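1. Quick one: sequence and predicted model below, then my questions.
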Amino acid sequence: MTGIIILAAGASVRLGKPKQNLIYKGQTLLQRTIETANASVCDPVIVVTGANKDVIEPTIKNLNIITVYNEAWQEGMASSIRSGIIEMQKIEPKVTSVILMLCDQPLVDTHILNLLILAKSKEGIAVCAYNETLGPPALFDAVYFPELLSLKGQEGAKKLLLKYADKAHVIPFPQGIIDIDTLEDFEKLSASHLNPPR
């Protein structure tokens, strides 16, 4: 059984407003991410919130997810990963692996998520490759949960991906490079949607 943890606790400092609530193709970025996760073969789906919780959670309250609030969100991404893993183990002790997703990669689709499960290496890691690096979404077998729980501060799962790169099954995903950190990023995304390449 593979669950999904969507990391959505960041303060969107560079953007200046909650990126989770930006509207793209009629939905917020977080709603789109949740819809993609729920359409996959994964279950359960956990969303970790933190900064701007009060304006983000109302937009997802009726969706088929479990929400966990990361009180230590200011520490960085590691605290959100810990919150998600702890909640996952609590509600689904038999979970065998998790996929870590971000809420600001709007081109991630269900096919990629399902492919991570099908393609994971015998060591239990599958990861996307883009922009000459490895990154999310990424799948980790439960054997890696202790190391995920030991991450600190701004450390994300990339620390493990680099450590175990030779053991991971790598899936090319060029669109993974598109994430939303600034208003300019979002404007480019919106423009590409309105004026798709021919």
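-> Alright, I've got the coordinates. Numbering: from 1, shown residues only.
2. For Tyr69, give me its contacts.
-> The contact partners of Tyr69, by C-beta atoms under 8 Å, 6 or more residues apart in numbering, come to Val48, Thr49, Gly50, Lys53, Ser83. Backbone N, C-alpha and C define where each C-beta goes, glycine included.
3. Can you pick out the ones from the residues you listed that are in helices?
-> Among the contacts of Tyr69, DSSP state H puts Lys53, Ser83 in helices.
4. Max pairwise distance over the contacts of Tyr69: which two?
-> The span of the contacts of Tyr69, defined through C-beta to C-beta, is set by Lys53 and Ser83 at 12.3 Å.
5. Between the two, which has more neighbouring residues?
-> Ser83 (23 against 17; other C-beta atoms under 10 Å).
6. before we move on, back to that, kindly reformat the contacts of Tyr69 as a markdown table containing pLDDT.
-> Converted to a markdown table, the contacts of Tyr69 look like this (pLDDT from 0 to 100):
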| residue | pLDDT |
| --- | --- |
| Val48 | 98 |
| Thr49 | 97 |
| Gly50 | 96 |
| Lys53 | 94 |
| Ser83 | 97 |
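7. between the contacts of Tyr69, which is closest to Ile178?
-> Distances from Ile178 to those, taken by C-beta to C-beta, are shortest for Val48, at 21.7 Å.
8. check contacts around that closest one.
-> Val48 makes contact with Ile5, Ile6, Leu7, Ala8, Ala9, Val68, Tyr69, Asn70, Ser80, Ser83, Gly84, Glu87 under the criterion C-beta under 8 Å, 6+ apart.
9. what about it, distance to Val55?
-> 16 Å (C-beta to C-beta, to the nearest Å).
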